[in-house]
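*Asks:* Let me see the structure of the following:
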Amino acid sequence: MSLWIQVAYIVAALLFASGLKLLSSPATARRGNLLSALGMLLAVAATLFTQGLSFQWIAVGVLAGAIIGATAARVVAMTAMPEMVALFNGSGGLASLLVGWAEFVRGQQDMQASLAVPILLAVLIGGVTFTGSVMAWAKLQDMTIGRFKLGPALVYPGQQVINSIILLGIIACAVLLLMAPPAGGNFLLIIIGISLLLGFLTVIPIGGADMPVVISLLNSYSGLAACAAGFVIENNILIVAGSLVGASGIILTKIMCKAMNRSLGNVLFSGFGSAASKKGKAAEGEAKPISAEDTYYILEAASSVAVVPGYGLAVAQAQHVVKELGDLLEANGAEVRYAIHPVAGRMPGHMNVLLAEADVPYDSLIEMDDINPIMETIDVCLVIGANDVVNPAAREDETSPIYGMPIIDVDKAKTVIVSKRSMATGFAGVQNPLFFKDNTRMFFGDAKASWQEVVSEFKSG
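*Replies:* Residues are numbered from 1 along each chain as shown. I've put the predicted structure just below:
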């Protein structure tokens, strides 16, 4: 039976790798997700044949997980998807921590250093992942504790010194634990406590603008923790799955950092978006509002339209009405593209998922590097809920905290219509001079209601 279990694990690993490859493209992502889920089902089914498992507790876990998963799938809105992903990452980290801790307690008396090392890693990475993900969730929820608002970056005096002391404490306890694993129970408990604290302190100074990078990094951490837990319980498929998640998360994190033209160290330690951050030059000029009727006339005459979605579109749940508008524009003879910035929204791929839910064709999704060279030929660019990713200060203002960040050059289009509730800043907390440019018109109001008015104008016109 053991041979068949290992064969099943190999097949599951192949399904994981194939699914991961398919996830690299929006057109094949759903199929990739299905393959990966099938691989996990096979891996779980094979693991259930392992001797010594308590099927009573497994049944309880399956029932509880099914209830939570089904409820989340029906209740959680697309706008809350980043928060749910953060909690999923944290759950994976906590599971790895508990596995490592339980295995240490079970075999403490004859514990060898070769086993203590992966236990240490599972506990340490799992703890950081769990509390870091909880803090990321709280930031995404824009929670407030007392007078402290958790959403922005929270930087405090001596932050780096405190983090350095914590890291030295972890190293000291780890060395003492590895020197005498059977007697290291107290040191492991200290490491668990410190790792949980470190997770909070690592994410606290990170601002909302960096959340896509943080979510990606925490996803990688959860995979690495699972990989370490796989070594602890000697489960090959857990090692493979954890390695795939960890590696893909690191690669995605690097892509996110490149999209922001910043290093990972800068994201983690700079306190970007905090009150102490430089704000750049004040934008000057007067915003020019536009009505739904005038917006219709401009779009009705356009032969090419680019839509740039942002988190505001997600909040307003406007993806379906925007898709309907796109269909009407195409029926009117216009070419419609959807320009996606890599860090738009609050998690990697947030806008892709949102538009896919509204059945926007995958070949209509254009990456930033492909849309920018032709932006000057676009008749009308619709910016719906996006802010920092279209802020020309990133090109023009060397004093701006987002200077050097690659953006979608919407200001180069012939006409720009910005759909926002107000003139408020984005996650980075800096003003956007795009709002005051001569070719920009501000379409104020709730995105869903505003664009529904434009759709009505098209239908009645």
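
*Asks:* what sits against the most centrally placed residue in the chain?
*Replies:* In the chain, the C-alpha nearest the mean C-alpha coordinate belongs to M347, at 2.4 Å (CA atoms, centre = their mean). If a contact means CB atoms under 8 Å, 6 or more residues apart in numbering, then M347 has 81-82, 85, 211-212, 215-216 as its contacts. In this view, the C-beta of every residue, glycine as well, is placed from N, C-alpha and C.

*Asks:* Please tell me which one of the residues you listed counts the most neighbours.
*Replies:* For the contacts of M347, neighbours were counted using other CB atoms under 10 Å, and P212 has the most, 29 neighbours in all.

*Asks:* In contact with it, which residues?
*Replies:* By CB under 8 Å, 6+ apart, the contact set of P212 is 256, 342-343, 345-348, 350.

*Asks:* Would you reformat those as CSV and include pLDDT, distance to D409 and secondary structure?
*Replies:* Below are these laid out as CSV (pLDDT from 0 to 100; distance: CB to CB, whole Å; DSSP: H, G, I helix; E, B strand; the rest coil):
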residue, pLDDT, distance to D409, secondary structure
M256, 80, 20, helix
P342, 85, 15, coil
V343, 83, 16, coil
G345, 78, 19, coil
R346, 75, 23, coil
M347, 76, 24, coil
P348, 75, 22, coil
H350, 82, 21, helix
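
*Asks:* Need these in TSV (columns: distance to G61).
*Replies:* Listed next are those as TSV, based on distance: CB to CB, whole Å:
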residue	distance to G61
M256	33
P342	36
V343	36
G345	32
R346	30
M347	27
P348	29
H350	30
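
*Asks:* what stretches of the stretch 1-150 of the chain score poorly on pLDDT?
*Replies:* Applying pLDDT under 70 to the stretch 1-150 of the chain picks out residues 1, 51-52, 78.

*Asks:* For it, which segments are assigned as helices?
*Replies:* Counting by DSSP state H, counting those that start in this stretch, the stretch 1-150 of the chain forms helices over residues 2-22, 29-47, 55-75, 81-106, 113-140, given from the N-terminal end onward.

*Asks:* Can you say which of the ones you listed is packed in most?
*Replies:* For those, the stretch with the most neighbours on average is helix 113-140, a mean of 24; neighbours defined as mean count of other CB atoms under 10 Å.

*Asks:* helices or strands up against it?
*Replies:* When contacts are defined as 3 or more CB pairs under 8 Å, 6 or more residues apart in numbering; DSSP states H and E, helix 113-140 sits against helix 81-106, helix 159-179, helix 185-203, helix 211-233.

*Asks:* how far does that helix sit from the chain's center?
*Replies:* Distance, stretch centre to chain centre, for helix 113-140: 18 Å (CA atoms, centre = their mean, to the nearest Å).

*Asks:* Repeat that for stretch 399-411.
*Replies:* Using CA atoms, centre = their mean, we find the averaged C-alpha position of stretch 399-411 to lie 20 Å away from the chain's own average C-alpha position.

*Asks:* and it, what's its mean pLDDT?
*Replies:* If you average the pLDDT over stretch 399-411, you get 87.

*Asks:* Just the CA atoms of that stretch, as CSV, please.
*Replies:* Below are the C-alpha coordinates for stretch 399-411, written out as CSV (Å, rounded to 0.1, in the frame of the first residue of the first chain):
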residue,chain,number,x,y,z
THR,A,399,10.2,64.6,-4.4
SER,A,400,7.2,62.3,-4.6
PRO,A,401,7.4,59.0,-2.5
ILE,A,402,6.2,57.1,-5.6
TYR,A,403,8.8,58.7,-8.0
GLY,A,404,10.2,56.0,-10.3
MET,A,405,7.3,53.7,-9.9
PRO,A,406,6.1,52.4,-13.3
ILE,A,407,2.6,53.7,-14.1
ILE,A,408,0.0,53.4,-16.8
ASP,A,409,0.5,56.6,-18.8
VAL,A,410,-3.1,57.5,-19.0
ASP,A,411,-2.3,61.3,-19.1
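
*Asks:* What residues sit buried inside it?
*Replies:* Taking 16 or more other CB atoms under 10 Å as the neighbour-count basis, stretch 399-411 is seen to contain the buried residues 400-403, 405-411.

*Asks:* Pick the one among those residues closest to L252.
*Replies:* Within the buried residues of stretch 399-411, proximity to L252 (CB to CB) peaks at P406, which comes in at 16.5 Å.

*Asks:* tell me the secondary structure for that closest one?
*Replies:* coil (DSSP: H, G, I helix; E, B strand; the rest coil).

*Asks:* got it, and A287?
*Replies:* coil.

*Asks:* Report the contact partners of it.
*Replies:* Applying CB under 8 Å, 6+ apart, we find A287 in contact with 423, 435-436, 440, 442.

*Asks:* same deal with A116?
*Replies:* With CB under 8 Å, 6+ apart, A116 has these contacts: 104, 177-178, 181, 184.

*Asks:* Next: P342.
*Replies:* By CB under 8 Å, 6+ apart, the residues touching P342 are 212, 255-256, 259, 348, 367-368.

*Asks:* If we use 10 Å, what do you get?
*Replies:* For P342, the residues meeting the contact criterion (CB atoms under 10 Å, 6 or more residues apart in numbering) are 212, 252, 255-260, 348-349, 351, 367-369, 389, 406.

*Asks:* How about G285: what's its closest non-neighbour residue?
*Replies:* F436 (3.0 Å; CB to CB, 6 or more residues apart in numbering).

*Asks:* K288 is in contact with the one you found, correct?
*Replies:* Yes - taking contacts as CB atoms under 10 Å, F436 lies within contact range of K288: 8.4 Å.

*Asks:* where do the contact lists of those two overlap?
*Replies:* Counting by CB under 10 Å, 6+ apart, the residues touching both F436 and K288 are M442.

*Asks:* Could you check which of these two is surrounded by more residues?
*Replies:* Using other CB under 10 Å as the criterion, F436 and K288 rank with F436 on top: 16 against 13.

*Asks:* Report the buried residues of stretch 444-460.
*Replies:* Of all the residues in stretch 444-460, those buried under the rule 16+ other CB under 10 Å are 445-448, 450-455, 457-458.

*Asks:* do the same with stretch 138-150
*Replies:* In stretch 138-150, counting by 16+ other CB under 10 Å, buried: 138-140, 150.
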